[in-house]
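Trainee: quick one, structure for this:
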Amino acid sequence: MMRKLLILVVLTLIVLAGGIPLYIQRSYKEEVVAGPSVTDVFKLSKYFDGIKGTIADTDVFELKGAEEGGKTLIIAGTHANEPSAALLAYFFIENLEVEKGTIYVIPHFNRSGSLGPQPGGGFPLYYFVDTPWGEKKFRMGDRGFQALDQWPDPDVYVHYPDGQLLSYIDARNTNRSWPGRPDGYLAEKVSFAAMEMIRNEGIDVVIDLHEAEAMYPVTNCIVAPEKSMPYAIGAAFYVKGREKFENHVESSPAGYRGLSHREIGDWSDAYPFLLESPGVHLDQITAAKTPELIIDGIDPFVLKAGEKGLLFVPYDENGFSMDRRVGQHSSVIQEILSQWTKKNPDRGFKVSAPKHADIVENGLGFYFKDPSEADEDKVFLQ
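Mentor: Sure thing, here's the model as predicted:
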């Protein structure tokens with residue numbers, strides 16, 4: 001009897017030791033300070049009440065200029081294990097100046113995935129950005145909705161409405177669930193809510209932010225469907241010629257369904273783009289997936305793979321830092337909007353924020369505001 005009791009106590013302690021840190025992380029709130037261009041903050045459920053009160057509902061930040069113009073939706077956190085997306089969203093919320101047009105920013109599109117790391121992935125619970133006022137702490141997330149929030153998985157995920165058969169795990173993937181449906185899986189409902197926003201607000205440009213492995217061919221690039229391609233090509237040429245970093249263009253495949261850069265353009269008048277920055281922490285061959293790896297992007301095994309010609313992005317001992325990844329997103333987004341404005345002046349934009357070179361030189365943390373020094377009504381918990 002005592003032996004069974006001892007085993008039970010040990011098992012209970014093991015469960016608590018593993019479960020309590022995950023519970024604390026799920027409850028941890030990231031802080032963002034609304035910058036001067038933020039004019040409103042509301043829930044995505046404004047456009048579809050089917051996600052109201054659920055883990056899928058998430059904040060939308062509106063940054064509106066004094067002059068009327070076009071409308072852009074920036075989606076971050078589709079895959080919450082790709083952190084440069086959420087950090088770019090926070091960076092824009094705090095620093096983007098909007099004089100013409102309206103920019104909507106969603107920091108955690110896959111809010112469920114942002115609340116816990118990928119099971120079995122070996123990722124840390126948190127990562128940290130150094131700022132002039134101290135260390136800023138962020139949750140490390142999962143690629144898809146957590147099973148805790150959407151269960152059970154189907155044997156095969158059948159994409160709506162095309163009927164294409166996808167992996168079972170894609171039922172929780174918010175970049176396989178577009179255009180969504182009101183009575184589908186929770187991941188499909190959040191995509192449907194975003195589509196309703198895009199259609200009802202008359203969004204012109206949608207930019208979905210991601211990171212991809214250095215060993216994955218679709219990385220360090222802009223992915224665009226046919227109608228968005230001229231703007232993507234113009235932006236890629238500009239940043240290579242003027243800002244001196246590589247960011248090539250990939251065509252959105254017409255035969256692979258559920259992707260934001262395909263379905264958004266097919267199901268609305270909006271012009272979609274998907275941006276990939278190289279996140280080497282996602283590569284399977286890395287050493288320990290530490291908070292430092294997430295931030296500095298330096299790994300000896302990825303470097304060795306690069307020496308053997310196995311990577312799809314230039315990589316050296318300096319790594320591919322968070323400063324570079326967020327800086328790249330900032331520059332490419334601003335140039336896409338510039339290219340759009342040249343061809344659509346009546347629906348154009350006038351925006352500005354620090355770009356790649358400034359962020360690399362100063363460090364991303366330099367641009368984050370201290371929440372303790374900000375007005376209480378300007379600080380939002382995510």
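
Trainee: what segments of the chain are helices?
Mentor: Applying DSSP state H to the chain gives helices spanning 2-27, 84-95, 186-201, 229-242, 260-267, 291-296, 300-307, 322-343, 356-362.

Trainee: as CSV, those with mean neighbour count and mean pLDDT would be great.
Mentor: In this view, the C-beta of every residue, glycine as well, is placed from N, C-alpha and C. Output for those, formatted as CSV (neighbours: other C-beta atoms under 10 Å; pLDDT from 0 to 100):
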stretch, mean neighbour count, mean pLDDT
helix 2-27, 10, 85
helix 84-95, 26, 98
helix 186-201, 23, 98
helix 229-242, 18, 97
helix 260-267, 22, 97
helix 291-296, 20, 98
helix 300-307, 16, 96
helix 322-343, 23, 98
helix 356-362, 17, 98
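
Trainee: Gly141: which of those helices is closest?
Mentor: Evaluated with C-beta to C-beta, the helices of the chain place helix 84-95 nearest to Gly141, the distance being 8.0 Å.

Trainee: dump stretch 3-13 to PDB, restricted to CA.
Mentor: These are the backbone C-alpha positions of stretch 3-13, laid out as PDB (Å, rounded to 0.1, in the frame of the first residue of the first chain):
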ATOM      1  CA  ARG A   3       4.500   1.600  -2.300                       C
ATOM      2  CA  LYS A   4       1.400   2.500  -4.400                       C
ATOM      3  CA  LEU A   5       1.000   5.700  -2.400                       C
ATOM      4  CA  LEU A   6       4.600   6.700  -2.900                       C
ATOM      5  CA  ILE A   7       4.200   6.100  -6.700                       C
ATOM      6  CA  LEU A   8       1.100   8.200  -6.700                       C
ATOM      7  CA  VAL A   9       2.800  11.100  -4.900                       C
ATOM      8  CA  VAL A  10       5.800  10.900  -7.300                       C
ATOM      9  CA  LEU A  11       3.500  11.000 -10.300                       C
ATOM     10  CA  THR A  12       1.500  13.900  -8.900                       C
ATOM     11  CA  LEU A  13       4.700  15.800  -8.300                       C
END
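
Trainee: related to what we said a few turns ago, and the helices of the chain: which comes nearest Gly69?
Mentor: Gly69 lies closest, by C-beta to C-beta, to one member of the helices of the chain: helix 322-343, at 7.9 Å.

Trainee: okay, the angle between the closest one and helix 229-242?
Mentor: Helix 322-343 and helix 229-242 are oriented at 130 degrees to each other (axes from the mean of the first three to the mean of the last three C-alpha atoms, to 10 degrees).

Trainee: residues near Lys308, how many?
Mentor: Using other C-beta atoms under 10 Å, Lys308 is surrounded by 7 other residues.

Trainee: contact partners for it?
Mentor: Residues near Lys308 by C-beta atoms under 8 Å, 6 or more residues apart in numbering: none.

Trainee: how far away is it from Tyr315?
Mentor: 12 Å (C-beta to C-beta, to the nearest Å).

Trainee: just so I have it, where are all the strands in the stretch 1-150 of the chain?
Mentor: Using DSSP state E, counting those that start in this stretch, the strands of the stretch 1-150 of the chain run over 31-33, 38-43, 59-64, 67-75, 97-106, 126-131, 134-139.

Trainee: so which of those strands comes closest to Ile298?
Mentor: Closest to Ile298 of these is strand 126-131 (C-beta to C-beta; 14.1 Å).

Trainee: mind listing residues that contact the closest one?
Mentor: Applying C-beta under 8 Å, 6+ apart, the contact partners of strand 126-131 are 25, 28, 83, 87, 135-140, 291, 294-295, 322, 363-366, 368, 370.

Trainee: do that again at 6 Å, thanks
Mentor: Glu135, Lys136, Lys137, Phe138, Met140, Pro291, Ile294, Leu364, Gly365, Phe368 (C-beta atoms under 6 Å, 6 or more residues apart in numbering).

Trainee: now, of these, which are buried?
Mentor: For the contacts of strand 126-131, a neighbour count by 16 or more other C-beta atoms under 10 Å gives the buried set as Lys136, Phe138, Met140, Pro291, Ile294, Leu364, Gly365, Phe368.

Trainee: related to what we said a few turns ago, so which of the helices of the chain gets nearest His210?
Mentor: His210 lies closest, by C-beta to C-beta, to one member of the helices of the chain: helix 84-95, at 6.2 Å.

Trainee: now for the closest one, which elements pack on it?
Mentor: Counting contacts by 3 or more C-beta pairs under 6 Å, 6 or more residues apart in numbering; DSSP states H and E, helix 84-95 is packed against strand 31-33, strand 97-106, strand 205-212, helix 322-343.
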